[in-house]
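Asker: Let's see this in three dimensions:
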Amino acid sequence: MAVYKYAGFGRRLVAFSIDNIIINIVFLFLIIIISAAFILGSLSGDTDTLITHLTNPAQFTFIALLVTTFYIVLSIAYFTYFHGIKGRTPGKMLLGLQVLSAQGTPIGFGIAFLRAVGYLVSSLLFTIPLGFIWAAFDQRKQGWHDKIAGTVVIIRHDESEADGLTIPEPHPVFASPQAFEKQSHISTQVTVQPDAPVTGEKQAKADQP
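Answerer: Residues are numbered from 1 along each chain as shown. So this is what the prediction gives:
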């Protein structure tokens, strides 16, 4: 059986930071495209009305809320997609990490989505990322989002006999011909016990004609 170490807080933080950089780049790119399309479309109408709407505090709050929601949806989609496929985001690939279930099996899109939503719990509660910091002190290096989804993060390329996650190797469906022949040979062997010596009355009866 292969044993893999649980990924520590520092290594996971670097991988998570790389993923966040990628998400922010994609987010800014999409926001620029959406904003440009909206502005160009609005310029064909009344410009004064557009400026009035944008400077309205209520309208600005609505836009800020809409942008924040879009960022959260993009982040959840990002982590759900990559974790659901192979358990590895681009950041985790660079750091040699992988997300698996607590039993050592791959996770699907359902568990990946639950884990991604769990990021909100880990990052927003108490206004500090206490759920992420928890992984630095947990025995299995699990953050709150890991505990919610029942997952662990391992160092995939670092195999050792240290405390970690044991992944059972798959067993072959058919036995080899040598093993089958050996089993057949053993099963056909019969142990024959010698007859007990005949004594006393039985011996006398045996001597009669």
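Asker: Just say helix, strand or coil for the closest residue to residue 108 other than its chain neighbours.
Answerer: Once flanking residues are discounted, residue 108 sits nearest to residue 84: 6.0 Å by Cβ to Cβ, 6 or more residues apart in numbering. Backbone N, C-alpha and C define where each C-beta goes, glycine included. Classification of residue 84 by DSSP: H, G, I helix; E, B strand; the rest coil places it in helix.
Asker: Going forward, count from 50.
Answerer: Understood, numbering begins at 50; the last thing we discussed is residue 133.
Asker: Count the neighbours of residue 133 for me.
Answerer: Number of residues near residue 133 (other Cβ atoms under 10 Å) recorded here: 19.
Asker: Can you tell me how far it is from residue 155?
Answerer: Distance, residue 133 to residue 155, by Cβ to Cβ, to the nearest Å: 9 Å.
Asker: For the helix or strand residue 197 falls within, give me every contacting residue.
Answerer: Secondary-structure assignment from DSSP states H and E places residue 197 in helix 193-198. If you take Cβ atoms under 8 Å, 6 or more residues apart in numbering as the criterion, helix 193-198 is touched by 156, 160-161, 163-168, 170-171, 174, 179-181, 183-184, 200-202.
Asker: Show me which positions of the helix ranked longest in the chain end up buried.
Answerer: If you go by DSSP state H, the chain has its longest helix at helix 58-92. If you call a residue buried by 16 or more other Cβ atoms under 10 Å, then helix 58-92 has these buried ones: 58, 60-62, 64-65, 67-68, 72, 76.
Asker: If you count contacts, what does that helix end up packed against?
Answerer: Contacts defined by 3 or more Cβ pairs under 8 Å, 6 or more residues apart in numbering; DSSP states H and E place helix 58-92 against helix 106-134, helix 139-144, strand 146-150, helix 179-182.
Asker: Excluding covalently adjacent residues, which one is nearest to residue 162?
Answerer: Distances taken as Cβ to Cβ, 6+ apart put residue 129 closest to residue 162, at 4.6 Å, once the chain neighbours are dropped.
Asker: quick one, what contacts that neighbour?
Answerer: 158, 161-162, 165.
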